Structure formats: structure tokens, C-alpha cells
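In: Provided below for reference: sequence and predicted model.
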Amino acid sequence: NFFASALAGNARGFARAVCESGIPRSELFICGSVAASPSRSVRASLGYEAAYASTARGWDATMAAMVSGGVDRLDMVLLDYPCRA
């Protein structure tokens, strides 16, 4: 199990290291995270649609970083600071 954190900003470097390791992707379980909304005040004020949109933007950013480093899929995604509906 390997984990890249959106809040740590290490997804691109993590993905590169995974690709450069030479370990077949099929032997790895890779977790990533989505920073839905890191601000407590923002989280408290969002409704469902805005929370969903914020999480979708976080997903897009995480996957863009992973793909740019060479990893095109995740096995699990964790929500950092999930937005409440």
C-alpha cells in the first residue's frame, strides 16, 4: 500500500518514483487523496452542489498530478477534509 497526499503536494513525485521503481503496477496498491476543502469555514458554508464541485476539482488536480508522473489510475481515494453537505 502506497499513499500520495494532495495536502503534501507529493503526487507527481510519488508517481514518478513508482514508475521508476520498476515494480509492475499490478503488484502495487496505490492510494491518493483529494483535498475537498481545506478550510473549516469554507466546509461549513458549502451546500451539496458546491461540496461536490470542490471535491471534483480536487480529484481532477490529484489525477492530473498522478498522470503527469506516469500513474494513470488509483486503487483507492481518501477525502482529506471532506465537505459536509
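Out: That came in fine, so what should we check first? Everything numeric in this text was worked out from a predicted model, so none of it was measured.

In: residue 80 and residue 34 touch, don't they?
Out: Yes. Counting by CB atoms under 8 Å, residue 80 touches residue 34, with 6.6 Å between them. In this view, the C-beta of every residue, glycine as well, is placed from N, C-alpha and C.

In: what residues are shared contacts of those two?
Out: residue 6 (CB atoms under 8 Å, 6 or more residues apart in numbering).

In: next, give phi and psi for the residue most central in space within the chain.
Out: Among the residues of the chain, the one closest to the centroid is residue 33, at 3.1 Å (CA atoms, centre = their mean). When read as degrees, to the nearest 10, the backbone of residue 33 gives phi -130, psi 160.

In: show me what the helix or strand harbouring residue 61 is packed up against.
Out: Element membership of residue 61, judged by DSSP states H and E, is helix 48-69. Taking 3 or more CB pairs under 8 Å, 6 or more residues apart in numbering; DSSP states H and E as contact, the helices and strands that helix 48-69 lies on are helix 11-21, strand 30-35, strand 76-80.

In: most packed of these?
Out: strand 30-35 (a mean of 20; mean count of other CB atoms under 10 Å).

In: quick one: strands adjacent to it?
Out: Paired strands of strand 30-35, with direction, are strand 2-3 (parallel), strand 76-80 (parallel) (DSSP bridges).
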